[in-house]
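Undergrad: Structure here, sequence nowhere to be found:
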């Protein structure tokens, strides 16, 4: 049958490594990035109280477009009923599946990276002023990490390695310093939107990263 309102059929499905059917996300790319990062956090179920408070802060909409809340629900009167229903249903589940898949392949990459460099990144992120552009530090660290041999990434496109390393730095920072969650969340969203958007669009969207 026809897809639900607000959902389009992608030209190709996820293929091996991700069973996402033939649906594609329909929100603007920046919103997709935010939603996937939030789901990525929720896949890493941490009990830390500061971490949980940070999730609540992000869910309040402070780092998002006012019309889309991070739990996938639409505030009253913000969007028409059809598009809101589509987000809460098909797109919500697709975001969750994509985030779970990224967490899985990221865990494999995690085993072959230099953790001393990760610790250095966390310290540098902690030191910078909130108004400073954290993507400069993230980009520099990703370059340093990719200059070392990463066995799990030998057959991956370079942009995919960049994406997975950005997510890994994001996760490690939140785990070690939950208080930095809002800052590192904003930095990671900006890094992906500025540097990896073309790559993700060219492969057909987030659901085709496998």
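TA: Thanks, I have it. These figures come from a predicted structure and were not determined experimentally.

Undergrad: what mean pLDDT does the helix or strand harbouring residue 102 have?
TA: Using DSSP states H and E, residue 102 sits within helix 92-110. For helix 92-110, the mean per-residue pLDDT is 90.

Undergrad: For the helix or strand following it, list every residue counted as buried.
TA: Downstream of helix 92-110, the next assigned helix or strand under DSSP H and E is helix 115-127. Buried residues in helix 115-127, counted by 16 or more other Cβ atoms under 10 Å: 118, 121-122, 125. (Each C-beta comes from the backbone N, C-alpha and C, glycine too.)

Undergrad: can you put the residues you listed in JSON lines and add pLDDT and distance to residue 137?
TA: Converted to JSON lines, those look like this (pLDDT from 0 to 100; distance: Cβ to Cβ, whole Å):
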{"residue": "118", "pLDDT": "95", "distance to residue 137": "12"}
{"residue": "121", "pLDDT": "97", "distance to residue 137": "7"}
{"residue": "122", "pLDDT": "97", "distance to residue 137": "10"}
{"residue": "125", "pLDDT": "95", "distance to residue 137": "6"}
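
Undergrad: Output the below-cut-off pLDDT ranges for the protein.
TA: 1-23, 45-90 (pLDDT under 70).

Undergrad: right, and residue 177 touches residue 124 too?
TA: No - taking contacts as Cβ atoms under 8 Å, residue 177 lies outside contact range of residue 124: 11.6 Å.

Undergrad: Tell me which stretches of this protein form helices.
TA: 29-43, 49-59, 81-86, 92-110, 115-127, 135-146, 158-176, 181-195, 197-202 (DSSP state H).

Undergrad: could you redo those helices as TSV and give each row distance to residue 152?
TA: Output for those, formatted as TSV (distance: least, Cβ to Cβ, whole Å):
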stretch	distance to residue 152
helix 29-43	18
helix 49-59	26
helix 81-86	35
helix 92-110	5
helix 115-127	14
helix 135-146	12
helix 158-176	9
helix 181-195	20
helix 197-202	19
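
Undergrad: The closest residue to residue 188 other than its chain neighbours: what's it in contact with?
TA: Nearest residue to residue 188, sequence neighbours excluded (Cβ to Cβ, 6 or more residues apart in numbering): residue 170, at 4.4 Å. Residue 170 sits next to 37, 40, 184-185, 187-188 when contact means Cβ atoms under 8 Å, 6 or more residues apart in numbering.

Undergrad: Please determine how far residue 93 is located from residue 173.
TA: Separation of residue 93 from residue 173 (Cβ to Cβ, to the nearest Å): 27 Å.

Undergrad: Looking at those two, which is more packed in?
TA: The neighbour count for residue 93 versus residue 173, taken as other Cβ atoms under 10 Å, is higher for residue 173 (24 against 14).

Undergrad: what's near enough to touch the nearest residue to the more buried one once chain neighbours are set aside?
TA: Spatial nearest neighbour of residue 173, chain neighbours left out: residue 184 (4.5 Å); criterion: Cβ to Cβ, 6+ apart. Taking Cβ under 8 Å, 6+ apart, we find residue 184 in contact with 125, 134, 169-170, 173-174.

Undergrad: State the distance from residue 184 to residue 177.
TA: Taking Cβ to Cβ, one finds residue 184 at 8 Å from residue 177.

Undergrad: what sits in contact with each of the two?
TA: What both residue 184 and residue 177 touch, as defined by Cβ under 8 Å, 6+ apart, is the set residue 125.
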